[in-house]
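Novice: need a structure here:
(one chain, ligands or ions: 1)
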Amino acid sequence: MWLINSPVGRKFVMGITGAALVLFLLFHSMMNVVVLFSEEAYNAVCAFLGANWYAVVATMGLTALVGIHFLYAVILTFQNRRARGKDKYAVTTRQEGVEWSSKNMFILGLVICCFLVLHLYQFWAKMQFVELTHLGDVEKAADGAYWINFYFRQPLYAITYIVLLAGLWFHLTHGIWSAMQSFGLSNKTWLPRWKSISNIVSTIIIALFMAVPIVYLIKSLIG
Ligand code: HEM
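Specialist: Now for the predicted structure:
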(Lines give C-alpha, C1' and ligand atoms only; values in the text may rest on other atoms or scores of the structure.)
Protein backbone atom coordinates (compact mmCIF):
# COMPACT_ATOMS: atom_id res chain seq x y z
CA MET A 1 0.00 0.00 0.00
CA TRP A 2 1.24 3.51 -0.96
CA LEU A 3 0.98 4.90 2.61
CA ILE A 4 3.21 2.13 3.96
CA ASN A 5 5.49 1.21 1.06
CA SER A 6 6.51 4.50 -0.53
CA PRO A 7 8.73 7.12 1.17
CA VAL A 8 6.31 9.86 0.00
CA GLY A 9 3.36 7.97 1.52
CA ARG A 10 5.19 7.54 4.81
CA LYS A 11 6.01 11.27 4.97
CA PHE A 12 2.33 11.95 4.26
CA VAL A 13 1.30 9.81 7.26
CA MET A 14 3.84 11.68 9.45
CA GLY A 15 2.34 14.97 8.23
CA ILE A 16 -1.30 13.98 8.80
CA THR A 17 -0.72 12.54 12.29
CA GLY A 18 1.54 15.51 13.15
CA ALA A 19 -1.09 18.02 11.99
CA ALA A 20 -3.76 16.28 14.11
CA LEU A 21 -1.41 16.38 17.11
CA VAL A 22 -0.80 20.11 16.54
CA LEU A 23 -4.59 20.66 16.68
CA PHE A 24 -4.70 18.70 19.95
CA LEU A 25 -1.84 20.83 21.36
CA LEU A 26 -3.63 24.03 20.36
CA PHE A 27 -6.80 22.86 22.11
CA HIS A 28 -4.91 21.54 25.17
CA SER A 29 -2.85 24.73 25.60
CA MET A 30 -5.95 26.96 25.30
CA MET A 31 -7.80 24.75 27.79
CA ASN A 32 -4.92 25.01 30.28
CA VAL A 33 -4.74 28.81 30.37
CA VAL A 34 -8.31 28.83 31.76
CA VAL A 35 -6.71 27.92 35.11
CA LEU A 36 -4.94 31.31 35.15
CA PHE A 37 -8.29 33.10 35.13
CA SER A 38 -10.42 30.76 37.25
CA GLU A 39 -9.51 27.47 38.93
CA GLU A 40 -13.24 26.61 39.24
CA ALA A 41 -13.77 27.08 35.51
CA TYR A 42 -10.68 24.94 34.82
CA ASN A 43 -12.04 22.14 37.01
CA ALA A 44 -15.37 22.34 35.15
CA VAL A 45 -13.44 21.79 31.87
CA CYS A 46 -11.55 18.87 33.48
CA ALA A 47 -14.84 17.31 34.64
CA PHE A 48 -16.23 17.68 31.10
CA LEU A 49 -13.14 15.88 29.73
CA GLY A 50 -13.02 13.26 32.49
CA ALA A 51 -14.50 9.75 32.43
CA ASN A 52 -17.08 10.45 29.69
CA TRP A 53 -17.34 8.18 26.66
CA TYR A 54 -16.31 10.99 24.27
CA ALA A 55 -13.22 11.79 26.37
CA VAL A 56 -12.26 8.10 26.46
CA VAL A 57 -12.71 7.84 22.65
CA ALA A 58 -10.54 10.99 22.26
CA THR A 59 -7.86 9.46 24.52
CA MET A 60 -7.83 6.29 22.38
CA GLY A 61 -7.61 8.37 19.18
CA LEU A 62 -4.73 10.39 20.64
CA THR A 63 -2.88 7.22 21.66
CA ALA A 64 -3.23 5.89 18.09
CA LEU A 65 -1.98 9.19 16.61
CA VAL A 66 1.07 9.32 18.89
CA GLY A 67 1.78 5.61 18.23
CA ILE A 68 1.60 5.95 14.42
CA HIS A 69 3.60 9.22 14.43
CA PHE A 70 6.32 7.55 16.54
CA LEU A 71 6.39 4.32 14.49
CA TYR A 72 6.70 6.18 11.19
CA ALA A 73 9.40 8.45 12.68
CA VAL A 74 11.45 5.34 13.50
CA ILE A 75 10.91 3.91 9.98
CA LEU A 76 11.78 7.22 8.24
CA THR A 77 14.88 7.73 10.38
CA PHE A 78 16.21 4.25 9.57
CA GLN A 79 15.35 4.75 5.90
CA ASN A 80 17.26 8.09 5.83
CA ARG A 81 20.25 6.59 7.66
CA ARG A 82 20.39 3.70 5.16
CA ALA A 83 20.17 6.09 2.21
CA ARG A 84 22.93 8.27 3.69
CA GLY A 85 25.04 5.18 4.49
CA LYS A 86 25.37 4.53 0.77
CA ASP A 87 27.33 7.75 0.28
CA LYS A 88 29.05 7.91 3.58
CA TYR A 89 32.23 9.20 1.96
CA ALA A 90 30.40 12.23 0.62
CA VAL A 91 31.08 15.65 2.14
CA THR A 92 29.40 15.77 5.57
CA THR A 93 29.85 19.42 6.43
CA ARG A 94 26.77 21.34 7.63
CA GLN A 95 24.46 22.04 4.75
CA GLU A 96 23.53 25.69 4.32
CA GLY A 97 19.92 26.36 5.34
CA VAL A 98 19.39 23.05 7.17
CA GLU A 99 18.23 24.18 10.60
CA TRP A 100 19.38 22.57 13.80
CA SER A 101 15.88 21.30 14.60
CA SER A 102 15.40 19.68 11.18
CA LYS A 103 18.47 17.51 11.77
CA ASN A 104 17.40 16.66 15.29
CA MET A 105 13.71 15.88 14.85
CA PHE A 106 14.05 12.29 16.00
CA ILE A 107 16.04 13.19 19.13
CA LEU A 108 13.57 15.99 19.91
CA GLY A 109 10.74 13.46 19.42
CA LEU A 110 12.37 11.12 21.96
CA VAL A 111 12.68 14.03 24.43
CA ILE A 112 8.94 14.73 23.92
CA CYS A 113 8.17 11.03 24.56
CA CYS A 114 10.07 11.25 27.88
CA PHE A 115 8.10 14.40 28.68
CA LEU A 116 4.84 12.57 27.89
CA VAL A 117 5.68 9.68 30.22
CA LEU A 118 6.32 12.15 33.07
CA HIS A 119 3.29 14.28 32.20
CA LEU A 120 0.80 11.40 31.87
CA TYR A 121 2.03 9.92 35.15
CA GLN A 122 1.61 13.28 36.91
CA PHE A 123 -1.79 14.28 35.45
CA TRP A 124 -3.62 11.64 33.40
CA ALA A 125 -2.83 8.78 35.83
CA LYS A 126 -4.09 10.90 38.77
CA MET A 127 -7.18 12.12 36.91
CA GLN A 128 -8.92 10.32 34.04
CA PHE A 129 -7.35 6.96 34.92
CA VAL A 130 -8.50 7.21 38.57
CA GLU A 131 -11.99 8.32 37.48
CA LEU A 132 -12.25 5.27 35.24
CA THR A 133 -10.74 2.66 37.56
CA HIS A 134 -11.24 4.16 41.06
CA LEU A 135 -7.64 3.15 41.76
CA GLY A 136 -6.36 6.17 43.70
CA ASP A 137 -7.67 9.41 45.20
CA VAL A 138 -11.11 9.71 43.55
CA GLU A 139 -11.84 13.08 45.23
CA LYS A 140 -8.90 14.78 43.51
CA ALA A 141 -9.45 13.03 40.16
CA ALA A 142 -11.40 15.94 38.60
CA ASP A 143 -9.47 18.63 40.50
CA GLY A 144 -6.97 19.63 37.80
CA ALA A 145 -6.25 22.92 39.62
CA TYR A 146 -5.11 20.96 42.68
CA TRP A 147 -2.54 18.99 40.62
CA ILE A 148 -1.33 22.12 38.83
CA ASN A 149 -0.79 23.84 42.20
CA PHE A 150 0.84 20.70 43.57
CA TYR A 151 3.41 20.27 40.78
CA PHE A 152 4.12 23.77 39.46
CA ARG A 153 4.66 25.32 42.88
CA GLN A 154 7.71 23.01 43.04
CA PRO A 155 10.55 24.80 41.15
CA LEU A 156 12.07 21.50 39.95
CA TYR A 157 8.91 20.45 38.09
CA ALA A 158 8.06 23.94 36.83
CA ILE A 159 11.58 24.41 35.40
CA THR A 160 11.61 20.86 33.94
CA TYR A 161 8.35 21.62 32.10
CA ILE A 162 9.67 24.97 30.82
CA VAL A 163 12.86 23.35 29.44
CA LEU A 164 11.01 20.41 27.84
CA LEU A 165 8.44 22.77 26.31
CA ALA A 166 11.34 24.64 24.66
CA GLY A 167 12.29 21.30 23.02
CA LEU A 168 8.70 20.90 21.83
CA TRP A 169 8.92 24.42 20.27
CA PHE A 170 11.88 23.35 18.10
CA HIS A 171 10.06 20.15 17.07
CA LEU A 172 6.91 22.08 16.11
CA THR A 173 8.68 24.88 14.20
CA HIS A 174 10.23 22.32 11.86
CA GLY A 175 7.33 19.83 11.88
CA ILE A 176 4.59 22.21 10.71
CA TRP A 177 6.29 23.50 7.52
CA SER A 178 7.72 20.07 6.82
CA ALA A 179 4.17 18.62 6.91
CA MET A 180 3.07 21.23 4.36
CA GLN A 181 5.88 20.06 2.07
CA SER A 182 4.75 16.45 2.51
CA PHE A 183 1.22 17.47 1.48
CA GLY A 184 2.64 19.07 -1.69
CA LEU A 185 1.53 22.54 -0.54
CA SER A 186 4.97 24.13 -0.59
CA ASN A 187 7.05 25.76 -3.31
CA LYS A 188 9.67 28.54 -3.55
CA THR A 189 7.10 31.23 -2.69
CA TRP A 190 5.26 29.30 0.00
CA LEU A 191 8.20 27.71 1.82
CA PRO A 192 9.29 30.95 3.58
CA ARG A 193 5.62 31.71 4.31
CA TRP A 194 5.03 28.25 5.86
CA LYS A 195 8.21 28.73 7.91
CA SER A 196 6.88 32.03 9.31
CA ILE A 197 3.46 30.48 9.96
CA SER A 198 5.16 27.52 11.72
CA ASN A 199 7.11 29.90 13.95
CA ILE A 200 3.99 31.89 14.85
CA VAL A 201 1.76 28.84 15.56
CA SER A 202 4.50 27.06 17.56
CA THR A 203 5.23 30.19 19.59
CA ILE A 204 1.52 30.69 20.43
CA ILE A 205 1.13 27.05 21.55
CA ILE A 206 4.33 26.99 23.63
CA ALA A 207 3.71 30.44 25.17
CA LEU A 208 0.24 29.29 26.31
CA PHE A 209 1.67 26.05 27.77
CA MET A 210 4.62 27.81 29.46
CA ALA A 211 2.39 30.48 31.02
CA VAL A 212 0.96 27.90 33.48
CA PRO A 213 4.21 26.65 35.14
CA ILE A 214 5.68 30.20 35.01
CA VAL A 215 2.68 31.80 36.78
CA TYR A 216 2.45 29.05 39.44
CA LEU A 217 6.21 29.17 40.02
CA ILE A 218 6.01 32.96 40.56
CA LYS A 219 2.99 32.45 42.87
CA SER A 220 5.01 29.98 44.97
CA LEU A 221 7.98 32.36 45.15
CA ILE A 222 5.96 35.41 46.26
CA GLY A 223 4.05 33.25 48.77
C1 HEM B 1 1.95 23.24 31.40
C2 HEM B 1 1.51 22.51 30.46
C3 HEM B 1 0.45 21.43 30.62
C4 HEM B 1 -0.54 21.28 31.57
C5 HEM B 1 -0.88 22.19 32.74
C6 HEM B 1 -1.28 20.08 31.22
C7 HEM B 1 -2.36 19.57 31.93
C8 HEM B 1 -2.95 18.34 31.69
C9 HEM B 1 -4.00 17.76 32.50
C10 HEM B 1 -4.61 18.39 33.75
C11 HEM B 1 -4.33 16.56 31.94
C12 HEM B 1 -5.35 15.54 32.47
C13 HEM B 1 -6.73 15.77 31.90
C14 HEM B 1 -7.70 14.70 32.39
O15 HEM B 1 -7.32 13.53 32.49
O16 HEM B 1 -8.86 15.05 32.66
C17 HEM B 1 -3.48 16.37 30.78
C18 HEM B 1 -3.53 15.29 29.92
C19 HEM B 1 -2.75 15.14 28.80
N20 HEM B 1 -1.77 16.00 28.37
FE21 HEM B 1 -1.26 17.75 29.20
N22 HEM B 1 -0.73 19.54 30.08
C23 HEM B 1 0.34 20.33 29.69
C24 HEM B 1 1.18 20.13 28.60
C25 HEM B 1 1.08 19.09 27.70
C26 HEM B 1 1.92 18.90 26.55
C27 HEM B 1 3.05 19.87 26.13
C28 HEM B 1 1.53 17.74 25.94
C29 HEM B 1 2.06 17.08 24.71
C30 HEM B 1 3.30 17.17 24.26
C31 HEM B 1 0.44 17.20 26.72
C32 HEM B 1 -0.22 16.02 26.43
C33 HEM B 1 -1.24 15.48 27.21
C34 HEM B 1 -1.92 14.25 26.87
C35 HEM B 1 -1.63 13.36 25.64
C36 HEM B 1 -2.87 14.03 27.87
C37 HEM B 1 -3.88 12.88 27.97
C38 HEM B 1 -5.13 13.37 27.26
C39 HEM B 1 -6.26 12.38 27.32
O40 HEM B 1 -6.38 11.63 28.26
O41 HEM B 1 -7.08 12.41 26.41
N42 HEM B 1 0.19 18.04 27.78
N43 HEM B 1 -2.66 17.48 30.65
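Novice: Quick check: residues of this structure near the ligand?
Specialist: 28, 32, 46, 49-50, 58-59, 62, 112, 116, 119-120, 123-124, 127-128, 144, 148, 161, 165, 168, 209, 212-213 (Cβ under 6 Å from any ligand atom). Every C-beta, even on glycine, is put in place using the N, C-alpha and C of the backbone.
Novice: Give me the subset of those residues lying in strands.
Specialist: In strands, judged by DSSP state E, none of the residues of the chain next to the ligand are found.
Novice: Now, of those, which are buried?
Specialist: With burial judged by 16 or more other Cβ atoms under 10 Å, the buried subset of the residues of the chain next to the ligand is 32, 46, 49-50, 112, 123, 127-128, 144, 148, 161, 165, 168, 209, 212-213.
Novice: quick one, helices of the chain?
Specialist: Under the criterion DSSP state H, the chain contains helices at 2-5, 7-37, 39-48, 53-86, 100-103, 105-122, 128-133, 144-152, 155-182, 190-221.
Novice: Mind putting the ones you listed into CSV with mean pLDDT?
Specialist: Putting these into CSV (pLDDT from 0 to 100) gives the following:
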stretch, mean pLDDT
helix 2-5, 75
helix 7-37, 96
helix 39-48, 94
helix 53-86, 89
helix 100-103, 72
helix 105-122, 96
helix 128-133, 93
helix 144-152, 98
helix 155-182, 96
helix 190-221, 97
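Novice: Next, find the distance separating the closest residue to residue 208 other than its chain neighbours from residue 211.
Specialist: Closest residue in space to residue 208, ignoring its immediate chain neighbours: residue 29 at 3.7 Å, by Cβ to Cβ, 6 or more residues apart in numbering. Per Cβ to Cβ, to the nearest Å, residue 29 is found 9 Å from residue 211.
Novice: of those two, who's got more company?
Specialist: The residue with more neighbours, out of residue 29 and residue 211, is residue 29; 19 against 15, by other Cβ atoms under 10 Å.
Novice: My read is that the more buried one contacts residue 210, right?
Specialist: No: contact status for residue 29 versus residue 210: not in contact, 9.2 Å apart, counting by Cβ atoms under 8 Å.
Novice: State the phi and psi torsions of residue 136.
Specialist: Backbone geometry at residue 136, expressed as degrees, to the nearest 10, gives phi 130, psi -160.
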